[in-house]
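Peer 1: Starting from these lines, generate the structure:
(4 chains)
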Protein chains: 2
Amino acid sequence: MALNTDESIVSLGTDPANGSAVDAVVRQIRELIAEAGLKVGDNLPTERELCAQFNASRNTVREAMRILKAYGLADVRPKIGATITDNRMSRAFELFSFNTMEVSRKTFQDVQAFRDLLEVGSVEQIFNRLTDLDLDDLHRINGQLSENHDLQEASEIDFAFHVRLVSILDNAAILDVYKVMKPVILRIMQKGKTRRTFKTETFSEHEGVLEALSARDRLAFQYRLRTHLMTGFRNFNDEMEAIA
Amino acid sequence: MALNTDESIVSLGTDPANGSAVDAVVRQIRELIAEAGLKVGDNLPTERELCAQFNASRNTVREAMRILKAYGLADVRPKIGATITDNRMSRAFELFSFNTMEVSRKTFQDVQAFRDLLEVGSVEQIFNRLTDLDLDDLHRINGQLSENHDLQEASEIDFAFHVRLVSILDNAAILDVYKVMKPVILRIMQKGKTRRTFKTETFSEHEGVLEALSARDRLAFQYRLRTHLMTGFRNFNDEMEAIA
DNA sequence: GACGACATTTGGTCGGACAAATAAACGCAA
DNA sequence: TTGCGTTTATTTGTCCGACCAAATGTCGTC
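Peer 2: Below you'll find the model as predicted:
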């Protein structure tokens, strides 16, 4: 029987000050990467070396490595060891590839409110910057929606339409946020819809928005765009009630 | 010494068919959630129960739980157990929080425009949800700004003020975006300012915003908040020209 | 019935052990 | 010397049992 009779080794359970030991190891590994100037493709020390270096058990180090793997920052292979990667973008998509868990109601609500703020709320800047090129692009993208696509492709086109709309703002920060939220927005767009829904309702709603844009009608633009976003909300409610 | 001399217990290392045992446990937990119809807020079985259920060791289950935690699908607390959550949006944003954008003029402009959309543009929702607790908190936070702080501390308080303002919206997506942009916003806040600037001008501008909030004066709120954000922009221009 | 001491439960950590995979060293033959 | 198959050593993957600290439940006392 192996007991912890040596009090120099016996320790401490949860570190009260710094959170869990695993989090501490994650932090230290990231510091190690930063200080050593390690780049993508470089190898991390072996698990046992990290144990010694950070004075942690191998299980703790392994749990830390699981986190780094889940974040797409490390790629661990047997015998090879851990190499630094950067698959954060694809991981962001995987987060929402879980078929088992739907986007929660609160998430849905928050994201749609967010989009309302960004798209409907920026009406002034959009109309100030709007060019014919923007309108042409938007019409072209929406035109693809009327063609035959599966649900995934159709939602991608729907998303591209809204991204193109937001891109009129020429704001990199907003565009980045939109890209990060893409997986969530895609799932939201697919909620309660069929391939046919995209070809008919979504297409028409987009056309209505474009019409208002062409006519430089701010109020109509806001009304139709907000209604469009709310339509998804109605779908979400229907689907929820159908389950219940 | 405890050895695995009993071959009925001795096992198998990596499951050749399904990838790693940890991935198998992750999959089984997801199936469990789906089949049992568990919702956000529900509790998962304890680690030891999962061990028995999936015929896996506790370390394997723990590594699987680390993955779920990293994906924002579970929240594990000592003694309480694991509860199902959906913080995937936060995780998605966190994945990109490592980027240290340099604050160029364009970045500054974009971020401030973004904040204008979020803070000034959400005036209706803010006033609808506003409570006395919100006002008390905001006053308390801004009060700290009148005390003596170095530039870093002062900007942190300034940031806390705006985060508290946005938190009135009760929108996790917006709050996450704010947190991700924190480093950039902090640098923007520090631009062209001294410790004294925070104590005087920034403090007064915040007080003006709070005054409008207290009076439920939407227009004054928008005007003062926008002016406040634009003030930073003026500072930025001055500094840029001074460098040039 | 209220309150405090004790036992139980549960996640967090540790150390050790074995299995499997593979890089690296080695040996042998052409 | 060079090429190729074999052996060895290293490393990750998994499992086991144990201890700790904290939260919770239980029970006895007053």
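
Peer 1: which residues sit against the helix or strand hosting A:Ile141?
Peer 2: When elements are assigned from DSSP states H and E, A:Ile141 belongs to helix A:132-145. Contacts with helix A:132-145, where a contact means CB atoms under 8 Å, 6 or more residues apart in numbering or on different chains, come from A:154, A:157-158, A:160-161, A:164-165, A:168, A:198-199, A:202-203, A:206-207, A:210, A:213-214. Glycine gets a C-beta too; all of them are placed from N, C-alpha and C.

Peer 1: Now do the buried residues in stretch A:87-99.
Peer 2: A:Asn87, A:Arg88, A:Arg91, A:Ala92, A:Leu95, A:Phe96, A:Phe98 (16 or more other CB atoms under 10 Å in any protein chain shown).

Peer 1: Isn't the fourth one up against A:Val180?
Peer 2: Yes - in this structure A:Ala92 lies within contact range of A:Val180 using CB atoms under 8 Å: 6.4 Å.

Peer 1: overlap in contacts of the two?
Peer 2: In contact with both A:Ala92 and A:Val180: B:Ala92, B:Leu95, B:Phe96, using CB under 8 Å, 6+ apart.

Peer 1: who touches the first one in this structure?
Peer 2: Going back to what we said before, that points to B:Ala92. Contacts of B:Ala92 (CB under 8 Å, 6+ apart): A:Ala92, A:Leu95, A:Phe96, A:Val180, A:Met181, A:Pro183, A:Val184.

Peer 1: The last one too?
Peer 2: Contacts here follow CB under 8 Å, 6+ apart; on that basis B:Phe96 touches A:Arg88, A:Ala92, A:Asp176, A:Val180, B:Val180.

Peer 1: about what we covered before: put together TSV for the shared contacts of A:Ala92 and A:Val180, with secondary structure and pLDDT on each row.
Peer 2: Formatted as TSV, the shared contacts of A:Ala92 and A:Val180 follow (DSSP: H, G, I helix; E, B strand; the rest coil; pLDDT from 0 to 100):
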residue	secondary structure	pLDDT
B:Ala92	helix	84
B:Leu95	helix	76
B:Phe96	coil	71
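
Peer 1: Can you tell me which of the residues you listed is nearest A:Thr231?
Peer 2: Comparing these against A:Thr231 with CB to CB places B:Ala92 closest, at 24.5 Å.

Peer 1: Next one: the residue lying closest to the closest one once chain neighbours are set aside relative to DNA strand C, how far apart?
Peer 2: Nearest non-adjacent residue to B:Ala92, counting by CB to CB, 6 or more residues apart in numbering or on different chains: A:Ala92, 4.5 Å away. Noted for A:Ala92: a distance of 24 Å to DNA strand C, by CB to the nearest atom of the strand, to the nearest Å.

Peer 1: Next: A:Val103.
Peer 2: 26 Å.

Peer 1: For the spatially closest residue to that residue that is not a sequence neighbour, what is the enclosing helix or strand?
Peer 2: Nearest residue to A:Val103 in three dimensions, chain neighbours excluded: A:Arg187, at 5.1 Å (CB to CB, 6+ apart). If you go by DSSP H and E, A:Arg187 is part of helix A:182-190.

Peer 1: Show me what that helix is packed against.
Peer 2: Contacts defined by 3 or more CB pairs under 8 Å, 6 or more residues apart in numbering or on different chains; DSSP states H and E place helix A:182-190 against helix A:88-94, helix A:105-115, helix A:151-167, helix A:218-243, helix B:88-95.

Peer 1: can you pull the pLDDT of A:Thr46?
Peer 2: As predicted, A:Thr46 sits at a pLDDT of 92.

Peer 1: Quick check: the closest residue in space to it that isn't next to it in sequence vs DNA strand D, distance?
Peer 2: Leaving out its chain neighbours, the residue that sits closest to A:Thr46 by CB to CB, 6+ apart is A:Gly81, at 5.7 Å. Separation of A:Gly81 from DNA strand D (CB to the nearest atom of the strand) stands at 4 Å.

Peer 1: What are the phi and psi values at A:Gly81?
Peer 2: Main-chain torsions, A:Gly81, degrees, to the nearest 10: phi 100, psi -170.

Peer 1: Likewise for A:Val76?
Peer 2: phi -110, psi 130.

Peer 1: what bridges to it?
Peer 2: A:Ala82 (DSSP bridges).

Peer 1: Spit out the contact partners of it.
Peer 2: Per CB under 8 Å, 6+ apart, neighbours of A:Val76: A:Met65, A:Lys69, A:Ala82, A:Thr83.

Peer 1: ok, now A:Asp158?
Peer 2: A:Leu145, A:Met189, A:Phe198, A:Thr202.

Peer 1: That's all I had, so thanks and see you.
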